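Undergrad: Quick one, structure for this:
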Amino acid sequence: MLKPGGSFAFTCSMHNNFFSIMSHMAKMEKWTPHISQYENYLYPYESTPHPDEEIRSLLLKVGFQVMDLTMNPQRWKMPFADASEFIVCRIPFELPGEIQREFVLESADAIRSLKMNEVDENGTEFFNYKLTALECLAVKPPLL
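TA: Below you'll find the predicted structure:
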């Protein structure tokens with residue numbers, strides 16, 4: 001990859017609505033002691049308006065040619081019954097066992113409060129999990 005003529009492809013998450021849920025809950029006095037450090041786990045480009053431009057600039061600066069760079073918004077409709085457990089399994093720190101169930105219930109409330117849920121015509125509730133992935137192919141030009 002780093003040799004002249006080498007190439008590499010990568011994908012990484014740039015924005016993710018999971019962190020909006022953590023931010024919302026971290027403001028609650030009850031959860032602050034447990035999740036106040038969530039910002040230490042944000043994706044490096046979570047709050048960057050144009051991460052694609054920054055990544056392109058970095059790659060060019062270190063001598064790569066960017067062959068393809070795409071921002072790919074993704075959305076999953078997850079059954080709401082699974083949403084809170086999904087949130088709990090994604091948090092990058094441990095919650096004491098005795099408060100996990102309460103955290104699950106309150107993360108469901110946070111999802112609803114942030115309007116990240118929807119109810120379909122059959123009355124089934126879903127969590128709209130959204131992220132934006134950056135996909136890139138870059139090459140190191142051959143030596144002349």
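Undergrad: Is the residue most central in space within the chain bridged to anything, and to what?
TA: Residue closest to the mean C-alpha point of the chain, counted by C-alpha atoms, centre = their mean, is N16 at 3.0 Å. With DSSP bridges applied, N16 shows beta-bridge pairing to L131.
Undergrad: what's the answer for E118, then?
TA: Here E118 sits in beta bridges with F126, going by DSSP bridges.
Undergrad: neighbours of it, just the number please.
TA: A total of 12 residues lie near E118 under the criterion other C-beta atoms under 10 Å. The way it works is simple: take the backbone N, C-alpha and C, and place the C-beta from them, glycine included.
Undergrad: what's it in contact with, if anything?
TA: With contacts taken as C-beta atoms under 8 Å, 6 or more residues apart in numbering, E118 has the following neighbours: K77, E125, F126, N128.
Undergrad: Where does the prediction get shaky in this protein?
TA: 1 (pLDDT under 70).
Undergrad: quick one, strands of it?
TA: Taking DSSP state E as the criterion, the chain carries its strands at 7-16, 65-79, 117-119, 125-139.
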